[in-house]
Each structure stands twice: as C-alpha cells, then as structure tokens.
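Trainee: Coordinates for the following, if possible.
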Amino acid sequence: MDGFDRLDGFPRRGRRAAASAIAAAAVALLTAAPADATFHIAHIHRVMAGLDGNTDVQYVEIEMDQTGQQVINSSKLIAFNADGSFAHVVFTVSGSTIASGKDRPWIMASAAFAAASGITPDFVFDSTNGKGLMPEDGMVCWGKPSDQTNPDSPNMVDCVSYGNYTGPANIHTSAPSAVTPFGHGLVRVAFTGSSAGDFACEDPAMPRNNAFQTGEIFASAPCGGAECGNGAVEDAETCDDGDTDFTPGDSCSADCEAFPCGIPTNVAGTSPKTGDALFVLKAAVQASNCDVLVCDVNGSNTVNTSDALLILKRAVGQDIPFNCPL
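Mentor: Numbering: from 1, shown residues only. Here you go, the predicted model:
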C-alpha cells in the first residue's frame, strides 16, 4: 500500500472531496434540466391579426411540444415592423395558470376574441390604437428573450413573418408567409424554418385554448379569394393596379377599390367636394398627379382646368354629367 487506501480509484483522503463533487454535479443536472425546459419547447401554431378590416380580433396560439412547458410567466408577445425593426411588446404574461401537456395549446388574444370565436382566451391583450400585432406586413415573436428587440436573442422561442416583410431572416423564419393573418387565420402546417412554407391560410380559423376548447372564426377575406395587388381584378375587386400603395390621384385604392369618376380624394365619396376640384386643378397645372380614369371628367383623355371646373360645379350642386375614360 502507498499510505492511503484506494477505493473506486480515489485516494482515501480524497474520497470525501470526490464524493462531494459528484453530488454537486448530480444536483446541478437535476435542477438545471427542468429550469431550462419549462417554456421554450413550444411553437407558434396559429395567428390572426385582424378581421372585418380592423384589428379588434387578434390572437396567437402557442402549442407545447413536450410536457412541462407551462412556466410562461414573464414571457412576451412582441411585434416587429415590416422592415424587421422592433415595434413594441404586445403583451407580457403575468402568472402561469395553464396546464401542461404535449401538443397542448394556450392562447393570447384581444378583448373581442371571445365574442368572435366562442371560446375564452387564456390571456387577453389590448389590440386597439396600434398596440396589437401588425395587421398585414410584419412579424410576431414570442418567448423570454434577453433582448426583446432581437429575434435571434436567446430564449426567443418562435417568430412568424408575413406579408410584405422585408426584414432580415432570423433563426425562426427565413422568408415571410405571402398570406397575411389579416381577415383570416394562419395555421402551422410544417416546420421548415420558413414562414412561407410553414403557414397556410385557415378558413374558418379554429383557435384553441388551454382547456382544449376550439373556436370558429369565419374569414372576412376568404382564403383563395382575391389577392389585391397582383394586377388582376378578381372576385369583389373593382380594380387592381398591381400594388397596394396609394397616393392621392390614384384611380385604385390600397384595397383594390376603384375611385369614383371625379372624386380623386375619397373612395367612399358619393359626390365630389370642392377639395376634389382643387386637387384636379393642381393636376392640370402639373402641381400634382391625377389618373385620367378618375380626374378626366370631360372625356378629353387629359386632365385640364376644364375638368376642375366641371367637378367644382358638381360640388356646389349643379347636375353636371361626367365622362371619365373606362
């Protein structure tokens, strides 16, 4: 013997220190694993950012991929702008009151969601006055990120980009879904790391809460319907100029609705106002632009001062016929 007995490969006088180290490592493993896996093994499963042309009805459904993912207190739902810049925190979860389970959902939703869907959300956020999700172009993320402005931040669990999102790719989404969650729902159909391939339009939308209750929300913009901005007049569209941008003087609105003849500043107008006449007068002297389809009311195929005068006469109540090009 060399002066200190050996047991299991350790010197006798080092046995206690070795045992203490092993015990400490075991405790660390036992305590770290549950703490590290209490919320983030999950994904965004469904999204809606608006219905009937407004943002009253919004929701994000999260689905757990394993049990034990219910410690969601302090997790954040975060909106990003179309260019990828941070917009705002939509909601911060307060209190972990959900049940755990593999494939079990839970939902964060706006105040109007319950009436629209027929089920109660697990958490409620304010979607009014621009506080909610970006309706048509943007990205939504969820998690407990160390940097809430960065989609690649540690513990940012998942993100979905959609519409005309032009921000940089991140570890959660490489390309946006062309289908927006506005007017209908988006539902996850794959896990490719690309929102374009992972999400499809859902009509009716079937959101689920943590109690496994399933709601039903019929789309106000049905899936497979007209796609405003593709250059083709479809379904209920009255025009489509190939984009969804609008500046005064365009003949086609951002929603693909044709402006009435002689009313270049208000698509909902039924008769011109003096402001329409002034706008056409500016166009006649090249101080602004106005499409002949809405501003050439005398059929000359140009916009001139005579058009402005006719519009002014109609605005003050005279029964003046208009003859815009078709």
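
Trainee: Need the phi and psi values for Ala114.
Mentor: For Ala114, the backbone dihedrals (degrees, to the nearest 10) come out as phi -60, psi -50.

Trainee: Spit out the contact partners of it.
Mentor: Thr120, Pro121 (CB atoms under 8 Å, 6 or more residues apart in numbering). Just so you know, the C-beta spots here come from the backbone N, C-alpha and C atoms, and that holds for glycine as well.

Trainee: now the strands for the stretch 1-150 of the chain?
Mentor: 6-7, 10-11, 42-48, 59-64, 76-80, 86-92, 105-110, 123-125, 138-143 (DSSP state E, counting those that start in this stretch).

Trainee: possible to save those as JSON lines with mean pLDDT and distance to Ile263?
Mentor: Supplementary listing: the strands of the stretch 1-150 of the chain in JSON lines, determined by pLDDT from 0 to 100; distance: least, CB to CB, whole Å:
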{"stretch": "strand 6-7", "mean pLDDT": "36", "distance to Ile263": "95"}
{"stretch": "strand 10-11", "mean pLDDT": "42", "distance to Ile263": "91"}
{"stretch": "strand 42-48", "mean pLDDT": "98", "distance to Ile263": "33"}
{"stretch": "strand 59-64", "mean pLDDT": "98", "distance to Ile263": "37"}
{"stretch": "strand 76-80", "mean pLDDT": "98", "distance to Ile263": "35"}
{"stretch": "strand 86-92", "mean pLDDT": "98", "distance to Ile263": "34"}
{"stretch": "strand 105-110", "mean pLDDT": "98", "distance to Ile263": "34"}
{"stretch": "strand 123-125", "mean pLDDT": "97", "distance to Ile263": "38"}
{"stretch": "strand 138-143", "mean pLDDT": "98", "distance to Ile263": "32"}
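
Trainee: Turn the ones you listed into a markdown table, including mean neighbour count and distance to Asp307.
Mentor: Below are these laid out as a markdown table (neighbours: other CB atoms under 10 Å; distance: least, CB to CB, whole Å):
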| stretch | mean neighbour count | distance to Asp307 |
| --- | --- | --- |
| strand 6-7 | 11 | 103 |
| strand 10-11 | 14 | 99 |
| strand 42-48 | 24 | 44 |
| strand 59-64 | 26 | 48 |
| strand 76-80 | 22 | 44 |
| strand 86-92 | 17 | 42 |
| strand 105-110 | 25 | 45 |
| strand 123-125 | 20 | 49 |
| strand 138-143 | 26 | 40 |
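
Trainee: Of these, which is nearest Asn209?
Mentor: In terms of CB to CB, the element of those nearest to Asn209 is strand 105-110, at 5.0 Å.

Trainee: Direction included, what does the closest one pair against?
Mentor: strand 59-64 (antiparallel), strand 123-125 (parallel) (DSSP bridges).

Trainee: any chance of those strands in TSV, plus distance to Asp103?
Mentor: Output for the strands paired with strand 105-110, formatted as TSV (distance: least, CB to CB, whole Å):
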stretch	distance to Asp103
strand 59-64	6
strand 123-125	19
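
Trainee: nearest to Gly185, of the ones you listed?
Mentor: When the strands paired with strand 105-110 are compared (using CB to CB), the closest one is strand 59-64, at 8.3 Å.

Trainee: List of residues touching that closest one?
Mentor: 41-48, 70, 72, 77, 100-110, 113, 117, 121, 133, 140, 142, 188, 207-208.

Trainee: what about it, distance to the chain center?
Mentor: Centroid separation for strand 59-64 versus its chain: 14 Å, with CA atoms, centre = their mean, to the nearest Å.

Trainee: Next: stretch 101-119.
Mentor: On CA atoms, centre = their mean, the centre of stretch 101-119 falls 16 Å from the chain's centre.

Trainee: same check, this time on stretch 273-289
Mentor: That offset, for stretch 273-289, works out to 37 Å (CA atoms, centre = their mean).

Trainee: Can I get that stretch in CSV, CA atoms only?
Mentor: This file holds the C-alpha atoms of stretch 273-289, laid out as CSV (Å, rounded to 0.1, in the frame of the first residue of the first chain):
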residue,chain,number,x,y,z
LYS,A,273,-66.3,68.2,-52.9
THR,A,274,-64.6,71.4,-53.6
GLY,A,275,-61.3,69.7,-52.4
ASP,A,276,-61.6,67.3,-55.3
ALA,A,277,-61.9,70.2,-57.8
LEU,A,278,-58.8,71.9,-56.2
PHE,A,279,-56.8,68.7,-56.4
VAL,A,280,-57.7,68.3,-60.1
LEU,A,281,-56.8,72.0,-60.8
LYS,A,282,-53.4,71.3,-59.3
ALA,A,283,-53.0,68.3,-61.5
ALA,A,284,-54.0,70.4,-64.5
VAL,A,285,-51.0,72.7,-63.9
GLN,A,286,-48.7,69.8,-63.1
ALA,A,287,-48.6,70.6,-59.3
SER,A,288,-49.8,67.1,-58.6
ASN,A,289,-50.6,63.9,-60.4
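
Trainee: Please work out which residues outside it touch it.
Mentor: Counting by CB under 8 Å, 6+ apart, 247-249, 262-266, 269, 290, 295, 297, 303-305, 307-309, 311-312, 315-316 sit against stretch 273-289.
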